[in-house]
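Enquirer: I would like to see how this sequence folds:
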Amino acid sequence: MSDLLIQINNLSKVYKLYSSPMDRVKEVLTKKKYHKNFHALDNVSFNVERGETVGIIGKNGSGKSTLLKMIAGIVAPSAGEISVEGKISALLELGAGFNGDLSGLENIHLNGTLLGYSKEYVRNSVESILEFADIGDFIHQPVKTYSSGMFVRLAFAIAININPEILIVDEALSVGDMRFQQKCYRKIREIKKTGTVLFVTHDTGALANFCDRIIWLDGGRIFKEGRPDKILDEYQAYMSYDIKEMQAVTLYNSDKINEDVETHDTSTSRPQAFGNGDGYFESVRLINQETEKECSVISGGDIIYIDFTLKIDNDIDLPILGFTLKDALGNSVVVTNTHFEKVSMNPLKKGQRYNYRFVWEFPFLRSGKYSLDIALANGTYQAHEQIQWINDVLIIVVRDSRPYQEGRGFLVPTGIKLVIPH
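Expert: Purely as a prediction, here's the structure:
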């Protein structure tokens, strides 16, 4: 059995765009060119191994859906090669392949036939499909009466209960409710044991938790590819602030702190930053209140200071300061800023340095490695410009040896405050 289920080499897809339907007719009759070429995909190559879950990300129009449709065999390539081994089940468009006038039960049999399964196989799968979809008596009603949530429940139930080797999902799970989404993700984990999953979603939490690899498409090309923790921070910066490339930065003392982390993971020793350059963080330090010393190993309940120095190169009239604590997968565990904490800050003046301190009770979290982002912005929370945002400025090891405390558990801390020295 091959370990490679999908092999894509130099794949391209070109669409002809016409200004009007008449231009299409003119081109046929006169042999004169009336169209413009649009490269939905341009020379894309990658492989997917058995057992991988690969997330495809990118802004609208970057080629994500076109790529999935080509892998599913719905759209033919203009150039390049696609090699797929194994049964594919694709959930690409809500209700695709459904006949609105037929009942849900009738559509199960219709979809099974379209996917190439025997009547007996589909009949034997009906019970598990109905149990997973959990739409009750609506299964006997025409699907044109279904809500979007019911549509996706039935479609996903059909897609995953025919035991596909390759499952392709394009944004469909964003329609379902939270309970159903969790059920789907549990099923995806089962499919990963013997097959592979490709899916498109804007849910970065799902990408971080379920994907082994991320492929970032931009303008029909692969812009970046790698582990979620190496891609998603930059992707979120791009989607929020149109920042595509982040620059490595060196801060006073942050490298020393990171070197003290027990895992000795040097791959994260250079934090990445972006911003407009009106100011920057000169130093960031983590201090334990009890010992009054810099630290990198923390337990739940410790009072922690985040001390930092800002150097301002241009006036900042409406400063906002904040930080984010992330787990090893890149999921945000704690997110706060001066706006959330209702801290009023004075304008920051050009040529000045400012020292600040966040004070907070560290939450009770699972033992492991976490990272800290820190940011300075100018404007309001709803409309602001990033002055500097630094990803993974500090790496923290949580060693929670204290017993679980009833009523607290794994809680986000409250009462985080900013101390401004006089």
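Enquirer: Next secondary structure after the worst-scoring helix or strand of the chain on mean pLDDT?
Expert: Here the helix or strand of the chain ranked lowest by mean pLDDT, DSSP states H and E is helix 254-259, holding a mean of 47. Once the chain leaves helix 254-259, the next helix or strand it forms, by DSSP states H and E, is strand 272-274.
Enquirer: got the phi/psi numbers for residue 183?
Expert: phi -60, psi -40 (degrees, to the nearest 10).
Enquirer: cool, and residue 127?
Expert: phi -60, psi -50.
Enquirer: which ones are touching it?
Expert: Listed by C-beta atoms under 8 Å, 6 or more residues apart in numbering, the contact set of residue 127 is empty. C-beta: built from backbone N, CA, C; applies to glycine.
Enquirer: Tell me the confidence at it?
Expert: Note on residue 127: pLDDT of 90.
Enquirer: Adjust the sequence numbering to begin at 35 for everything that follows.
Expert: Sure, I'll start numbering at 35, so the last one becomes residue 161.
Enquirer: Can you give me the distance of it to residue 173?
Expert: Distance of residue 161 to residue 173, given as C-beta to C-beta, to the nearest Å: 12 Å.
Enquirer: With residue 110 instead?
Expert: According to C-beta to C-beta, residue 110 stands 35 Å off from residue 173.
Enquirer: neighbour count winner among those two?
Expert: For residue 110 versus residue 173, the count of surrounding residues by other C-beta atoms under 10 Å is larger for residue 173: 21 against 9.
Enquirer: and residue 256, that's in a strand?
Expert: Yes. Looking at residue 256 with DSSP: H, G, I helix; E, B strand; the rest coil, it is inside a strand.
Enquirer: Residues in a beta bridge with it, which ones?
Expert: Beta bridges link residue 256 to residue 251, judged by DSSP bridges.
Enquirer: thinking it is in contact with residue 76, fair?
Expert: No. Residue 256 is not in contact with residue 76 according to C-beta atoms under 8 Å; the separation is 9.5 Å.
Enquirer: Next, count neighbours for the nearest residue to residue 308 once chain neighbours are set aside.
Expert: Leaving out its chain neighbours, the residue that sits closest to residue 308 by C-beta to C-beta, 6 or more residues apart in numbering is residue 277, at 4.3 Å. Residues lying near residue 277 (other C-beta under 10 Å) number 18.
Enquirer: Residue 387 bridge partners, please.
Expert: With DSSP bridges as the rule, residue 387 is bridged to residue 345.
Enquirer: OK, contacts around it?
Expert: 316, 343-346.
Enquirer: how near is it to residue 419?
Expert: For residue 387 relative to residue 419 (C-beta to C-beta), the value is 21 Å.
Enquirer: tell me the mean pLDDT for the helix or strand containing residue 403?
Expert: Using DSSP H and E, residue 403 sits in strand 402-413. The average of the pLDDT scores along strand 402-413 is 93.
Enquirer: buried residues in it?
Expert: 403-412 (16 or more other C-beta atoms under 10 Å).
Enquirer: Show me where the stretch 185-334 of the chain has its helices.
Expert: 212-226, 238-244, 262-275, 288-293 (DSSP state H, counting those that start in this stretch).
Enquirer: want to try a markdown table for these, with mean neighbour count as columns?
Expert: Formatted as a markdown table, these follow (neighbours: other C-beta atoms under 10 Å):
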| stretch | mean neighbour count |
| --- | --- |
| helix 212-226 | 15 |
| helix 238-244 | 19 |
| helix 262-275 | 19 |
| helix 288-293 | 18 |
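Enquirer: and of those helices, who's closest to residue 310?
Expert: helix 262-275 (9.4 Å; C-beta to C-beta).
Enquirer: Which strands and helices lie in contact with that closest one?
Expert: On a contact count with 3 or more C-beta pairs under 8 Å, 6 or more residues apart in numbering; DSSP states H and E, helix 262-275 meets strand 87-91, helix 238-244, strand 247-252, strand 255-260, strand 306-308, strand 418-432.
Enquirer: okay, those in JSON lines with distance to residue 204 and mean pLDDT next?
Expert: Formatted as JSON lines, the helices and strands packed on helix 262-275 follow (distance: least, C-beta to C-beta, whole Å; pLDDT from 0 to 100):
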{"stretch": "strand 87-91", "distance to residue 204": "9", "mean pLDDT": "94"}
{"stretch": "helix 238-244", "distance to residue 204": "13", "mean pLDDT": "85"}
{"stretch": "strand 247-252", "distance to residue 204": "13", "mean pLDDT": "95"}
{"stretch": "strand 255-260", "distance to residue 204": "18", "mean pLDDT": "94"}
{"stretch": "strand 306-308", "distance to residue 204": "29", "mean pLDDT": "88"}
{"stretch": "strand 418-432", "distance to residue 204": "28", "mean pLDDT": "92"}
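Enquirer: hang on, the earlier thing: could you dump the helices of the stretch 185-334 of the chain into JSON lines and include distance to residue 114?
Expert: JSON lines is the format used below for the helices of the stretch 185-334 of the chain (distance: least, C-beta to C-beta, whole Å):
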{"stretch": "helix 212-226", "distance to residue 114": "27"}
{"stretch": "helix 238-244", "distance to residue 114": "26"}
{"stretch": "helix 262-275", "distance to residue 114": "24"}
{"stretch": "helix 288-293", "distance to residue 114": "42"}
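Enquirer: now for these, which one comes closest to residue 134?
Expert: Closest approach to residue 134 among the helices of the stretch 185-334 of the chain (C-beta to C-beta): helix 212-226, 21.7 Å.
Enquirer: Report the mean per-residue pLDDT for the closest one.
Expert: So the average pLDDT for helix 212-226 ends up being 82.
Enquirer: Next: stretch 374-383.
Expert: Mean predicted confidence for stretch 374-383 is 91.
Enquirer: Outside of it itself, list whatever touches it.
Expert: So stretch 374-383 is in contact with 313, 344, 346, 349-356, 372, 388, 450-452, 454, going by C-beta under 8 Å, 6+ apart.
Enquirer: switch to 6 Å and redo it
Expert: 346, 349-351, 353, 372, 450, 452 (C-beta atoms under 6 Å, 6 or more residues apart in numbering).
Enquirer: Could I get the buried residue list for it?
Expert: 375, 377, 379, 382.
Enquirer: Quick one: neighbours of the closest residue to residue 314 other than its chain neighbours, just the number.
Expert: For residue 314, ignoring the flanking residues on the chain, the nearest one in space by C-beta to C-beta, 6+ apart is residue 422 at 4.9 Å. A count of neighbours around residue 422, defined by other C-beta under 10 Å, yields 20.
Enquirer: do residue 149 as well
Expert: Residue 149, neighbours per other C-beta under 10 Å, totals 18.
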